[in-house]
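>>> The following comprises the amino acid sequence and a computationally predicted model.
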Amino acid sequence: MHELQAVSSSHLLQLLASLSFFQEVPERERKELLNFLGQGVRLLSYRMGEFLIRQQDAKEKSFFILLSGQASVVKSGSSMPLAQLQTGECFGEVSFLTDRPRISNVIVHAPELPRDTALRTLLEEILGMPLVERAQDNPALVMCLDREVLPKLSVSLRNQLKSRIIAQMAGRLNDMNERITHVTGQTPLLSEEGDFDDLVNKAAGQESLSLSPEEQEFFKDQLIGRLIQVMDEMNVQLTHMGSE
């Protein structure tokens with residue numbers, strides 16, 4: 001792992017605007033986030049096979065956004081990845097938002113070389129090195145938000161980040177639901193029967209609510225808590241399937 005220093009804000013803004021995670025985040029909030037570089041927000045590069053997160057780590061509670069590269073989410077002792085992460089996706093949100101120890105490992109894969117020449121040049125400027133044809137020789141690029149920076153962000157930016165987290169968590173739950181159903185022939189066993197579809201619908205309709213920014217954040221926090229609970233239950237079932 002290597003922390004990048006003195007990176008051009010204009011180059012970073014260009015890169016963020018190209019990523020799915022940030023496409024619906026207004027430029028004002030993207031600029032606010034970059035104002036915290038070196039003050040709770042860091043840019044990190046990782047090589048293939050390095051651990052971004054280690055299961056049961058109770059000290060490191062940062063939130064990550066994959067700016068370039070791929071990674072796998074894997075439970076210790078399981079042969080089945082819980083998720084495959086692509087450029088523009090986030091991870092580490094559970095510990096970041098709840099202060100819990102890490103619940104899984106996240107391991108870097110070799111990034112694919114961008115086909116877009118402009119994007120490749122932009123990444124080379126940010127990384128300060130040329131990208132090569134052998135994918136395994138290129139580093140993954142990650143934005144890391146330390147847990148302590150969250151209350152320092154504006155409520156508008158916090159809501160934007162939490163909206164993106166909710167959308168990605170709901171998508172992962174759908175994937176996990178399909179995998180469990182495909183392997184077992186049954187829908188996942190949840191503590192609250194019939195709750196899954198309602199939960200996903202709430203996640204999809206979160207932005208349509210007419211609430212104050214503070215009320216929106218409260219609603220999002222409650223929804224994230226329930227999404228984490230369901231994800232925990234599905235993770236147990238997937239881990240059991242992977243160990244069989």
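Okay, I see it.
>>> Quickly note the distance from the residue of the chain positioned farthest from its centre to R179.
In the chain, the residue that sits farthest from the middle, by C-alpha atoms, centre = their mean, is G185; the gap is 29.1 Å. The gap separating G185 from R179 is 12 Å, by C-beta to C-beta, to the nearest Å. C-beta here means a position set from N, CA and C on the backbone, and glycine is covered the same way.
>>> ranges for the helices of the chain?
9-17, 27-34, 93-98, 117-127, 155-184, 195-204, 213-243 (DSSP state H).
>>> okay, those helices, which one's buried deepest?
Among the helices of the chain, helix 93-98 has the highest mean neighbour count (mean count of other C-beta atoms under 10 Å), at a mean of 20.
>>> So which helix or strand of this protein has the lowest pLDDT on average?
helix 195-204 (a mean of 62; mean pLDDT, DSSP states H and E).
>>> Just list the residues touching the residue positioned nearest the centre of the chain, thanks.
Residue closest to the average C-alpha location in the chain (C-alpha atoms, centre = their mean): C90, at 1.2 Å. Contact analysis of C90 by C-beta atoms under 8 Å, 6 or more residues apart in numbering lists 21, 63-66, 164-165, 168.
>>> Then L13?
L13 sits next to 27, 30-31, 34 when contact means C-beta under 8 Å, 6+ apart.
>>> Can you give me the pLDDT of the residue nearest to N235 when sequence neighbours are not counted?
Leaving aside its sequence neighbours, N235 sits nearest to L82 (C-beta to C-beta, 6 or more residues apart in numbering; 6.2 Å). The model reports L82 with a pLDDT of 77.
>>> just checking, L82 touches L238?
Yes: with contact defined as C-beta atoms under 8 Å, L82 and L238 form a contacting pair (5.7 Å).
>>> Now do the shared contacts for these two.
By C-beta under 8 Å, 6+ apart, L82 and L238 have these common neighbours: 75, 176.
>>> Flag the shaky bits of the chain, pLDDT-wise.
Residue ranges of the chain with pLDDT under 70: 188-209, 242-244.
>>> swap the cut-off to 80 and go again
78-80, 82, 110-112, 135, 183-184, 186-210, 235-244 (pLDDT under 80).
>>> Can you tell me, leaving aside adjacent residues, what's nearest to V149?
In space, V149 is closest to G40, 2.9 Å off (C-beta to C-beta, 6+ apart).
>>> Look up how far V74 lies from the one you found.
28 Å.
>>> again, but for L67
L67 sits 21 Å away from V74, going by C-beta to C-beta.
>>> more neighbours, these two?
With neighbours defined as other C-beta atoms under 10 Å, L67 and V74 compare such that L67 has more, 24 against 20.
>>> rewinding a little: leaving aside the residues next to it on the chain, what's closest to the residue nearest to the centre of the chain?
Nearest in space to C90, with sequence neighbours left out and distances taken as C-beta to C-beta, 6+ apart, is I65 at 4.9 Å.
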